[in-house]
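Asker: structure for the following, please:
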Amino acid sequence: MTPEGDAGPGDAAPGVSGLRVVHLDDDLAVVEKPAGLVVHPAPSHSGPTLVSELGDLLGGGDPERPGIVHRLDKDTSGLMVVARNPEALAALQAAVREREVERHYLALAGGRLASRTGTIDAPIGRAAKRRTRMAVSGAASREARTHFEVLELLPRDTYLEARLETGRTHQIRAHFAAIGHPITGDPTYGGAARYGLERQFLHAHRLAFRHPRTGAPLGFTSPLPADLAAALEAAHAE
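Answerer: Residues are numbered from 1 along each chain as shown. Okay, the predicted model is just below:
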């Protein structure tokens, strides 16, 4: 898929460093979210959010989280699509439910995976003892599937691309922890802190879907941000 009506990579959103608008039209925006930015307000968070930074660019749905089609964890960077009106929001949310939105991530997982490709098919719900974590077969589990392809086997880690079929909270992080290969730099799920990482090595680097009004195919890619690129170089040097 190729982008239509590209607003130009590098258009900075006001306020938070690293938040960039890479596509903008009357119905939607595609943005690059930096690590450390929460998507929408929550009782436990009082700082800036993606919603507060984008402001009038967003529209439709819950006034606390207008235009939010899907989310990224606070410390996951990369591409998100947001809606600008109620009609676009409803159409994009339906596309996510029908699994018509392609979401690909670059990740570094601890250890060396035995299979070059595979699917982790395991339901996810809230962990019983730590409610901030998700777990395979946790409370109120829902189906969850993550497909992956190994890009490189490194001395202590595996560099891979993961594709979401479903989009549960912490899905990639919980799934790779469950198979014994937690995401590097992710202490919540047992990932080793190395290569200077201050967050999990997880970046939403490809996003593709059909425009909710025109049906035109849209596709976007985002390179690794500087911290993850430096960590990957360090992982090669081990």
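Asker: those helices in the chain, which residues are they?
Answerer: 50-54, 86-97, 171-178, 226-236 (DSSP state H).
Asker: and of the ones you listed, who's closest to A135?
Answerer: Using CB to CB as the measure, helix 171-178 is the one of the helices of the chain that comes nearest A135, at 6.3 Å. C-beta coordinates here come from the backbone N, C-alpha and C atoms, glycine included.
Asker: what is that closest one packed up against?
Answerer: For helix 171-178, the elements it packs on are strand 102-110, strand 117-121, strand 124-126, strand 134-136, strand 145-153, strand 157-164, judged by 3 or more CB pairs under 8 Å, 6 or more residues apart in numbering; DSSP states H and E.
Asker: now for the fourth one, which elements pack on it?
Answerer: Yep, that's strand 134-136 we're talking about. strand 124-126, helix 171-178.
Asker: who does the first one pair up with?
Answerer: Using DSSP bridges, strand 124-126 pairs in its sheet with strand 134-136 (antiparallel), strand 139-142 (antiparallel).
Asker: next one: the last one to chain centre, how far?
Answerer: Its chain's average C-alpha position is 21 Å from that of strand 139-142, according to CA atoms, centre = their mean, to the nearest Å.
Asker: flag the shaky bits of this protein, pLDDT-wise.
Answerer: For the chain, applying pLDDT under 70 flags the ranges 1-17, 42-46, 131.
Asker: and among the strands paired with strand 124-126, the most buried is which?
Answerer: Comparing the strands paired with strand 124-126 by mean neighbour count (mean count of other CB atoms under 10 Å), strand 134-136 ranks first with a mean of 21.
Asker: chain center to that strand, what's the gap?
Answerer: Relative to the centre of its chain, strand 134-136 is centred 17 Å away, using CA atoms, centre = their mean.
Asker: quick revisit: would TSV of the helices and strands packed on strand 134-136 with distance to E64 be doable?
Answerer: Below are these laid out as TSV (distance: least, CB to CB, whole Å):
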stretch	distance to E64
strand 124-126	21
helix 171-178	23
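Asker: Throw the ones you listed into TSV and include mean neighbour count, thanks.
Answerer: Shown next, in TSV, are the helices and strands packed on strand 134-136 (neighbours: other CB atoms under 10 Å):
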stretch	mean neighbour count
strand 124-126	20
helix 171-178	25
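Asker: which positions in stretch 177-184 come out as buried?
Answerer: Buried residues in stretch 177-184, counted by 16 or more other CB atoms under 10 Å: 177-179, 181-184.
Asker: try stretch 74-87
Answerer: Here stretch 74-87 shows 74-85 as buried, counting by 16+ other CB under 10 Å.
Asker: repeat for stretch 150-159
Answerer: 150, 154, 157-159.
Asker: kindly report the same for stretch 110-130.
Answerer: Within stretch 110-130, the residues that count as buried by 16+ other CB under 10 Å are 110-111, 113, 120, 122-127.
Asker: dump the residues you listed to a markdown table, plus distance to G215.
Answerer: Listed next are those as a markdown table, based on distance: CB to CB, whole Å:
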| residue | distance to G215 |
| --- | --- |
| G110 | 41 |
| G111 | 43 |
| L113 | 37 |
| I120 | 32 |
| A122 | 34 |
| P123 | 33 |
| I124 | 32 |
| G125 | 35 |
| R126 | 37 |
| A127 | 40 |
